[in-house]
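# got a structure for you, letters missing:
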């Protein structure tokens, strides 16, 4: 999902994981279904004990969104809506620049420099709205 036409304030306030999930289910139904099936399949313990983990479907959603976002980000760096949100979250949680750049190399976050540019943009936008 491209963040090119989306503002940073929108990503940090009105944008959510559900919107990304809905987009992926619409645009990539087979890939989404495959990942969901793999993540929710019974494991050896569940088969042996004839039990199933509670809310496995619900817990799989953020994992599916993360995996698909990482794959798309590696294919095209302009599809970074998820990564911008993650970068801003990591930064606001006090994570250091080195760790953010490591997450960037894994495809989970944008770079520390991009996070700082986004924060600068948020500051300018907040001043305009005040």
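Everything's here; your move. Given the structure is predicted, the values throughout are model-derived calculations rather than measurements. Residues are numbered from 1 along each chain as shown.
# So what does residue 110 look like in phi/psi?
phi -80, psi 170 (degrees, to the nearest 10).
# With residue 119 as the reference, measure out to it.
Separation of residue 110 from residue 119 (C-beta to C-beta, to the nearest Å): 11 Å. The C-beta positions use only the backbone N, C-alpha and C, and glycine is treated the same way.
# what about these two, which has more around it?
residue 110 (26 against 16; other C-beta atoms under 10 Å).
# who touches the more buried one in this structure?
Residue 110 makes contact with 80, 83-84, 86-87, 104, 118, according to C-beta atoms under 8 Å, 6 or more residues apart in numbering.
# do residue 62 as well
Residues in contact with residue 62 (C-beta under 8 Å, 6+ apart) are residue 17.
# all numbers from here: first residue = 439
Okay, using 439 as the starting number, the last item reads as residue 500.
# so which helix or strand takes in it?
Assessed by DSSP states H and E, residue 500 sits inside helix 494-513.
# Show me which residues of that helix are buried.
In terms of neighbour count (16 or more other C-beta atoms under 10 Å), helix 494-513 has its buried residues at 498-499, 502-507, 510-511.
# what ranges do the strands span in the chain?
Counting by DSSP state E, the chain forms no strands at all.
# For it, which element, helix or strand, carries the lowest mean pLDDT?
When the helices and strands of the chain are scored by mean pLDDT, DSSP states H and E, helix 446-451 comes last with a mean of 63.
# And for the most centrally placed residue in the chain, nearest residue in space, chain neighbours not counted?
Nearest to the geometric centre of the chain sits residue 520, at 3.8 Å (C-alpha atoms, centre = their mean). Counting by C-beta to C-beta, 6 or more residues apart in numbering, residue 520 lies nearest to residue 507, which is 3.8 Å off, once chain neighbours are set aside.
# list the contacts for the one you found?
By C-beta under 8 Å, 6+ apart, the contact set of residue 507 is 439, 458, 517, 520-521, 545.
# Who wins on neighbours among these?
residue 520 (26 neighbours).
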